[in-house]
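Colleague: Starting from these lines, generate the structure:
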Amino acid sequence: MAVETPVSAGSSVPALPVARGGKVRRGNAGWLFILPFLLVFVAFLVAPLVYAGYLSLWTKGLATGTTFAGIDNYTRAFGDPSFRKGLWFVLKFSVVVIPLQILVALVAALLLDEITGRLARLSRLVIFLPYAIPVVLGALMWGFLYSPTFGPIEQIASFFDFRAPFLLSQGNVFYGLLNVVTWQWSGYYMIIIYAALKGIDSSIYEAARIDGATARQIALRVKVPMVGSALALILVFSLIGTLQFFSEPQILRPIANGSITPDFTPNIYAYELAFNYAQFNYASAISFALGFVVFVAVAIFMVVTRKRGSLFT
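Modeller: Numbers count the residues shown, from 1 in each chain. This next block holds a predicted model:
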């Protein structure tokens, strides 16, 4: 039933309908606002995942045709030397690049937190700019810088009469990609940490100064522990992204002179199997096997941080 709320003497307007218990009944209008997102989400994420999962359970051969494989494709994936090779690379890469990204982002955020005025805004923009550039364009730019024939690094080295190391060669490709990925994502992580720092009550800093703490002690013993949740979030994002490493090595592959192989990372291996060898069923199993590894890695991290409260306090 509807209740009336008096507005002035002798007049009233109907109020919102009140349900039993005093709660206002809500319609389904909210679903109309999220319907476009739901349609895109289902069409371009859920449906492809379901279809890829379906493909991973089958196998197709010229002589045998399409037959149900069950988990055979997954058993084959985890026993595949190429898949394990790529997985081992991204695990090693994660161990190095994730702490490096967090360190660069944390130092930049702490420095920017102390700077005020136009210089602070300009500095945030400069550090964030590599992330704002699309990954494809960024990788192409680094490919130009790394080029051993016309790249500026080689030109400068030739001017000073010494030969610069090719950072995409067999022995240096790890470090070349490490440099690309570090600067590509550190700006994004810096913004997350910087926003967390701005949410800290300034009275905490004043109390620390009254107690005799220096700026360095405040940064390391007050600010860093208080942004521990932001650092944990960044670590999860970095872990998920690095284990799915694909774009940068795939784009730099043509100039790497064979250093970036078809099984360089699991995602590149799955791409090669699907689009160069038409092994869509096995490629789907490779992708889901990688997803399982990512899930396990993130789950272990979440359990460890939940038990300890935080890795950074």
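
Colleague: Contact partners for Gly143?
Modeller: Gly143 is in contact with 251-252, 255, counting by CB atoms under 8 Å, 6 or more residues apart in numbering. The C-beta positions use only the backbone N, C-alpha and C, and glycine is treated the same way.

Colleague: go with 10 Å
Modeller: Contacts for Gly143 (CB atoms under 10 Å, 6 or more residues apart in numbering) come out as 151, 168, 176, 180, 248, 251-256.

Colleague: and what of Arg84?
Modeller: Going by CB under 10 Å, 6+ apart, Arg84 touches 77-78, 263, 266.

Colleague: Is it possible to mark the buried ones in those?
Modeller: 77, 263, 266 (16 or more other CB atoms under 10 Å).

Colleague: Just name the closest of those residues to Val96, please.
Modeller: Val96 lies nearest to Pro266 out of the buried ones among the contacts of Arg84, by CB to CB, at 17.8 Å.

Colleague: picking up where we left off before, which among the contacts of Gly143 gets closest to Ala195?
Modeller: Among those, and counting by CB to CB, the member closest to Ala195 is Val180, at 25.2 Å.

Colleague: and the closest one, what does it touch?
Modeller: Shown in contact with Val180 (CB under 10 Å, 6+ apart): 97, 130, 135, 138-139, 141-143, 145-146, 167-168, 247-249, 251-252.

Colleague: can I assume Thr116 sits in a helix?
Modeller: No: secondary structure of Thr116 (DSSP: H, G, I helix; E, B strand; the rest coil): coil, not part of a helix.

Colleague: Now it: phi and psi?
Modeller: phi -130, psi 170 (degrees, to the nearest 10).

Colleague: Could you tell me which residues make contact with it?
Modeller: By CB under 10 Å, 6+ apart, the contact set of Thr116 is empty.

Colleague: ok, it to Leu110 distance?
Modeller: According to CB to CB, to the nearest Å, Thr116 and Leu110 sit 14 Å apart.

Colleague: what's the answer for Arg163, then?
Modeller: Remark: distance between Arg163 and Leu110 (CB to CB) = 38 Å.

Colleague: repeat for Trp183
Modeller: Using CB to CB, Trp183 is found at 18 Å from Leu110.

Colleague: Those two - which one has more neighbours?
Modeller: Leu110 (21 against 17; other CB atoms under 10 Å).

Colleague: I'd guess the more buried one is in a helix, am I close?
Modeller: Yes: with three-state DSSP as the criterion, Leu110 is assigned to a helix.

Colleague: follow-up on the earlier one: select from the contacts of Val180 every entry located in helices.
Modeller: Of the positions in these, 97, 130, 135, 138-139, 141-143, 145-146, 247-249, 251-252 sit in helices, assigned by DSSP state H.

Colleague: Which PyMOL command selects the buried ones in those?
Modeller: Provided next is the PyMOL selection string for whichever of these are buried by 16+ other CB under 10 Å:
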select buried, resi 97+130+135+138+139+142+143+146+247+248+249+251+252
